[in-house]
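Chemist: Kindly return the folded structure for what I paste below:
(one chain, ligands or ions: 1)
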Amino acid sequence: MKRFCIMIALLILSLCSCTSEPLTSLESGIISNIPLEIRAEDINAKAALLTNTWSGPLGIYRVQNNLIYFYDYSSDTVIPLCNKPNCKHEGDDCNAYVPGSHWITGDSKFLYLYSADGKTAPKIIQTNHDGTNRNDKAIISGNYSLLDGFKLDGLFCFCAQYAVEGKDSVEPITKMALLAVDTNTNTIKEIYSEEVDTSYSYKFLGVSTGNAIFQKMSETKPLTSYSQAALDAEMNGHDCKIYSVELQSGIISELINDKSYNIDPVIMDADKLYYHSRKDSQIKSYDLKTKKVNIITENLSGYIVFLDTPYVDGKLLFQKDNATTDAYAKPLKENETFYVNTNNGEIKKVAFMIDQGEGHKCPFLGFVGITPDRFIVETEQSVDWSKVITESGIQMFPKDSIGKSVFGIIRKDDFWQETYNFIAVEWFVSKDTGKEEGGISYVTN
Ligand SMILES: [Zn+2]
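Modeler: Residues are numbered from 1 along each chain as shown. The predicted structure is shown next:
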């Protein structure tokens, strides 16, 4: 169940993860050595993670199946972002069509999208809010596969990978790089790169005050035995290192070097890292400006995971990962969603559950969209259940697809006060299999 819910959360929220363009050659990934000006606007801006959804002043934009969809706040309707009459929204002449788009973001004037159609070099394009007046702002030439990215004021920062020829010319070496794309000057610069250490996983946490922040965590090893003690030893023994890379100079510094027992998981919002210490049963914050650690809440033991939209309205959303804390419980334990008020440390359970039919419910997974005063939330999942006989009796497990999802919009105050008055939103219908995302009217084949 936990994996199923997390899988759906990932699919629904669909954070901008790895793109799939293959590395085409073994040449250096370096594309530009033009000096990059980091402007005060970029240093002071709050970095926004690039995802497939952007909440603008008039509505929410979302890229899916190569199309931009627009959810209009004023009418509560969803349409492709194209005003051409009789358009089938399928080809290059459609304003909403963006092949190979993985993320969308914007500012008060423009929308920005990534486009990688597999035929030409990937690029960042800019359009007006209504999808018209399309301009290429930056061609990502060279050899890069873009991973996660963040937008500042006029600056994009990407974690990218590329391959170079190995010293012994046998196996190529993978390098991890930090790229900056300045949409004011249309320049791209590789700020920093290092050879990927395959015994670590890398995560780009965010950008704060002119520094990109990365996490390196040592990879999981096989358990020594099937017991909670062995699982805890493995889960608590990872190296967890946090680095900052100065955008202007490319200089890297280590901020934190600890074990996962004391720092896991970690997320970043504005100028703060938030993390859980299982050792101290506390959620703490780390101020990236002052390097001071502050205790947010205490007496929180066991494993937790942060939601994909973790920090909203001064509340940090997380799940108690009961299925890991008590991994050998029979029957398997369900996770539960909570939030902690970062001002007073008060923890509250989120009473809202996603209805999965046949009496099944799944804990709340995070917000699909956030407007100035409302949230868009997945409210129902249509799931095909199958009966499985396990050691602890007959249990129901979901089959590998969901037929449809139902989304609702709710006032923020109502959500926090547990008055779950949702207005149903007809969201985006998948043209392909419908497995990943659905809409109210969608019926699976
Ligand atoms: Zn169209």
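Chemist: all contacts plus neighbour counts: C-alpha atoms, from now on.
Modeler: Noted.
Chemist: from what I can see Ala212 touches Val245, true?
Modeler: Yes - using C-alpha atoms under 8 Å, Ala212 is in contact with Val245, at 5.1 Å.
Chemist: These two: who's more crowded?
Modeler: For Ala212 versus Val245, neighbours defined as other C-alpha atoms under 10 Å are more numerous around Ala212 (23 against 20).
Chemist: quick one, what contacts the more buried one?
Modeler: Contact partners of Ala212, counting by C-alpha atoms under 8 Å, 6 or more residues apart in numbering, are Phe204, Leu205, Gly206, Ser244, Val245, Glu246, Leu247.
Chemist: List buried members of the residues you listed by neighbour count.
Modeler: Phe204, Leu205, Gly206, Ser244, Val245, Glu246, Leu247 (16 or more other C-alpha atoms under 10 Å).
Chemist: tell me the mean pLDDT over stretch 417-428?
Modeler: Stretch 417-428 shows a mean pLDDT of 83.
Chemist: repeat for stretch 304-323
Modeler: The model assigns stretch 304-323 a mean pLDDT of 94.
Chemist: for the closest residue to the ion within the stretch 151-300 of the chain, what are its contacts?
Modeler: Closest residue of the stretch 151-300 of the chain to the ion, C-alpha to the ion: Thr183 (26.1 Å). With contact set as C-alpha under 8 Å, 6+ apart, Thr183 has these partners: Lys137, Ala138, Gly154, Leu155, Phe156.
Chemist: I'd like these as a markdown table, with secondary structure appended.
Modeler: Converted to a markdown table, the contacts of Thr183 look like this (DSSP: H, G, I helix; E, B strand; the rest coil):
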| residue | secondary structure |
| --- | --- |
| Lys137 | strand |
| Ala138 | strand |
| Gly154 | coil |
| Leu155 | strand |
| Phe156 | strand |
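Chemist: Can you tell me which of those residues has the most neighbours?
Modeler: Leu155 (24 neighbours).
Chemist: Chain neighbours aside, what residue packs nearest to that one?
Modeler: Nearest residue to Leu155, sequence neighbours excluded (C-alpha to C-alpha, 6 or more residues apart in numbering): Asp182, at 4.6 Å.
Chemist: Repeat that for Thr209.
Modeler: Going by C-alpha to C-alpha, 6+ apart, Thr209 has Ile43 as its nearest residue, at 4.6 Å.
Chemist: pretty sure that neighbour belongs to a helix, no?
Modeler: Yes - counting by three-state DSSP, Ile43 is found in a helix.
Chemist: Averaged pLDDT, the longest strand along the chain. What do you get?
Modeler: The longest strand of the chain (DSSP state E) is strand 393-411. For strand 393-411, mean pLDDT rounds to 75.
Chemist: Moving C-terminal from that strand, which element do we reach first?
Modeler: Remark: after strand 393-411, the chain's next helix or strand is helix 412-416, criterion DSSP states H and E.
Chemist: surely Ile54 meets Arg62?
Modeler: Not Ile; residue 54 is Trp. Yes - using C-alpha under 8 Å, Trp54 is in contact with Arg62, at 6.4 Å.
Chemist: residues shared between the contacts of those two?
Modeler: With C-alpha under 8 Å, 6+ apart, Trp54 and Arg62 have common neighbours Ile104.
Chemist: Tell me which of the buried ones among the contacts of Ala212 fall in strands.
Modeler: Short answer: those in strands (DSSP E) are Phe204, Leu205, Gly206, Ser244, Val245, Glu246.
Chemist: and these as CSV, adding distance to the ion and pLDDT?
Modeler: Below are these laid out as CSV (distance: C-alpha to the ion, whole Å; pLDDT from 0 to 100):
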residue, distance to the ion, pLDDT
Phe204, 35, 96
Leu205, 36, 97
Gly206, 34, 97
Ser244, 43, 97
Val245, 42, 96
Glu246, 42, 94
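Chemist: what does the protein put close to the ion?
Modeler: Applying C-alpha under 5 Å from the ion, we find that the chain lies next to the ion at Cys82, Cys87, His89, Cys94.
Chemist: Count the neighbours of Phe397 for me.
Modeler: Count around Phe397 with other C-alpha under 10 Å applied: 14.
Chemist: Repeat that for the one 10 residues further on.
Modeler: For Phe407, the number of neighbouring residues by other C-alpha under 10 Å comes to 22.
Chemist: Show me what it is bridged to.
Modeler: Per DSSP bridges, the residues bridged to Phe407 are Glu378, Val425.
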